[in-house]
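> from the sequence below, what's the structure:
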Amino acid sequence: MIPFHLAFPVHDLEQTRYFYGTILQCTEGRSAPRWIDFDFFGHQLSAHLVDIEPSHTQTNKVDGDAVPTRHFGAIIPWEQWENLHNRCSEMGVRFRITPKIRFQGKEGEQGTFFIDDPSGNVLEFKTFRNNEQIFARQ
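All right, here's what the predicted structure looks like:
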């Protein structure tokens with residue numbers, strides 16, 4: 001796997017540090033007064049402080065849910081996915097889309113849930129029992 005890099009806007013670095021570091025358990029990398037890098041499941045995320053709130057309002061229907069068009073996340077092993085959604089529940093994180101199995105009995109069946117970080121960035125966490133289904137076509 002080749003790691004990707006994603007830079008994204010945040011409005012509070014300490015809230016961001018807590019959310020990604022404590023709740024999601026991402027290791028912190030380099031930082032400066034206006035940004036922080038995180039190891040996001042083997043990928044590099046760079047949270048950059050912004051002075052203007054970005055808008056995240058558009059959605060598309062996916063298997064009955066209004067999925068935000070702008071989101072990012074990780075595909076993680078099933079047990080890790082269950083542990084993460086349990087930890088989010090225990091720590092009071094509100095689910096934008098609650099944990100569920102999407103496309104049940106079809107190609108691409110997956111576990112999924114969506115949460116917002118403190119700056120309103122939408123994250124999706126997925127899991128597949130068979131990773132060969134990640135790019136399956138219906």
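> so who does the closest residue in space to V50 that isn't next to it in sequence touch?
Distances taken as CB to CB, 6 or more residues apart in numbering put P9 closest to V50, at 4.1 Å, once the chain neighbours are dropped. All C-beta spots, glycine's among them, are computed from the backbone N, C-alpha and C. Contacts for P9 (CB atoms under 8 Å, 6 or more residues apart in numbering) come out as 48-50, 54, 119, 121.
> what does L84 give?
Contacts of L84 (CB under 8 Å, 6+ apart): 24, 76, 125.
> secondary structure class for S31?
Per DSSP: H, G, I helix; E, B strand; the rest coil, the secondary structure class of S31 is strand.
> can you list the domains in this structure?
Here the domain parsing of the chain from automatic domain parsing is 5-49, 60-133.
> by neighbour count, which of the contacts of P9 wins?
N121 (22 neighbours; other CB atoms under 10 Å).
> around the nearest residue to Q44 once chain neighbours are set aside, how many other residues sit close by?
Spatially, and ignoring its direct neighbours in sequence, Q44 is nearest to H5 (4.5 Å; CB to CB, 6+ apart). Neighbours of H5 under the rule other CB under 10 Å: 10.
> phi and psi next, for F128.
Main-chain dihedrals, F128, degrees, to the nearest 10: phi -130, psi 140.
> check which helix or strand E79 maps to.
Assessed by DSSP states H and E, E79 sits inside helix 78-90.
> if we can go back for a sec, a markdown table please, covering the domains of the chain and showing mean pLDDT.
Below are the domains of the chain laid out as a markdown table (pLDDT from 0 to 100):
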| stretch | mean pLDDT |
| --- | --- |
| domain 5-49 | 96 |
| domain 60-133 | 93 |
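> re the thing from before, would you list the contacts of L84 in a markdown table and tack on distance to Q104, neighbour count and secondary structure?
Shown next, in a markdown table, are those (distance: CB to CB, whole Å; neighbours: other CB atoms under 10 Å; DSSP: H, G, I helix; E, B strand; the rest coil):
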| residue | distance to Q104 | neighbour count | secondary structure |
| --- | --- | --- | --- |
| L24 | 27 | 21 | coil |
| I76 | 19 | 18 | coil |
| F125 | 18 | 21 | strand |
